[in-house]
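K.L.:
below is the sequence, then the predicted model.
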Amino acid sequence: MAADMSFLIADRDFYAPLDTVDPGPRYHAGPLPAGWLRRETGIWTYWEPEAAVLADSGWKVHVASSFANAQFVLAVVSAVCAEFGVPFKHLTGRRSFLILHGKHAARVQAGKFCALYPSTRDSAELLLRRLAEELSGISGPYVLTDRRFGDSECVSYRYGGFQRRLQVDAEGYPVHIVAGPDGQLIEDKREPRFVLPAGMSDPFRAEASTPAARGPVVLRGYTYEKVLQHSNAGGAYRFTSDQGEPVFIKEAKSHNGYTDDGADAKGRLNAECLTLRAIHGRAPGLCPKPIELFEYQRSYPRSRRGR
């Protein structure tokens, strides 16, 4: 969330850090072995075995969820983490979930309901396989910083820091850092796309051999012109129809862009389209003309799946 907006959430009357927000009704992890430690920090709840030593960095595993399925997903995640002895964190409560998945939330954080911290690459792969199997058929929002594992629609991964390590850049802003393949400290880039440190490859997916497509981007016969605005609920774009007419395309992401009543962006866009159709039917020209409502799922390169 934009820094100036985040201070408006925790308290109705005063500016306050987001970490002080009431998380709302709590989510409850499933039974964990004796000796596991629990702590709350900001909007997150952390769980780890008492003797666990968290690495500085590694392959993070993220599990996404819809608002309705969050408690059930957490039960599966906590059971798998208990079996593998892997530390993890999850959003503390229902209000925390709605804030992090809201329209104005930071796109690089949204979608992350659970974050898991396996100690090695091999343990990360075992964890990814098991979670993808246990949560097969369950969908969640796409985590923009990650790659999804195999055919899963809720399990993803990225390489990044496990411990909070910051440096100050030349302009005085804090920057997350992580050790690169050669041990040198580099920026832990958190962008709305999958980024690996220089010199590091993805061990969970064979790199695509087909070159990127050239030429204009065309979607259902509409040619892309430019981005008008990005948001966590979905972007707004200018396209041109095959007749050369300007067309406005509004994106609504499933299981994201929630409002306080639990409605996601996709549900709100459906209602918006119906409203525009009703108005246009009675008074053509009074509102933008709704052309069509369609669902599009981008094909992302898949990570490899072991047996």
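P.N.:
On my side now, so go ahead. Numbering: from 1, shown residues only.
K.L.:
which residue ranges form the strands in the stretch 51-200 of the chain?
P.N.:
In the stretch 51-200 of the chain, the strands defined using DSSP state E, counting those that start in this stretch lie at 57-63, 88-91, 114-116, 147-148, 155-161, 166-168, 174-179, 185-187.
K.L.:
which elements pack onto the last one?
P.N.:
Counting contacts by 3 or more Cβ pairs under 8 Å, 6 or more residues apart in numbering; DSSP states H and E, the secondary-structure elements packed against strand 185-187 are strand 174-179. C-beta: built from backbone N, CA, C; applies to glycine.
K.L.:
stretch 271-285: how far from the chain's middle?
P.N.:
Here the centre of stretch 271-285 is set off from its chain's centre by 33 Å, with Cα atoms, centre = their mean, to the nearest Å.
K.L.:
same check, this time on stretch 149-159
P.N.:
11 Å.
K.L.:
can you give me the buried ones in it?
P.N.:
Buried residues in stretch 149-159, counting neighbours by 16 or more other Cβ atoms under 10 Å, are found at 149-150, 152-159.
K.L.:
max pairwise distance over those: which two?
P.N.:
E153 and Y159 (21.3 Å; Cβ to Cβ).
K.L.:
what's the closest non-adjacent residue to G42?
P.N.:
Closest residue to G42 apart from its sequence neighbours, by Cβ to Cβ, 6 or more residues apart in numbering: D19 at 3.5 Å.
K.L.:
surely the one you found is in a helix?
P.N.:
Yes - under DSSP: H, G, I helix; E, B strand; the rest coil, D19 sits within a helix.
K.L.:
now do the contacts for it.
P.N.:
10, 41-43 (Cβ atoms under 8 Å, 6 or more residues apart in numbering).
K.L.:
are any of the residues you listed buried, and if so which?
P.N.:
Buried by 16+ other Cβ under 10 Å: 10, 43, out of these.
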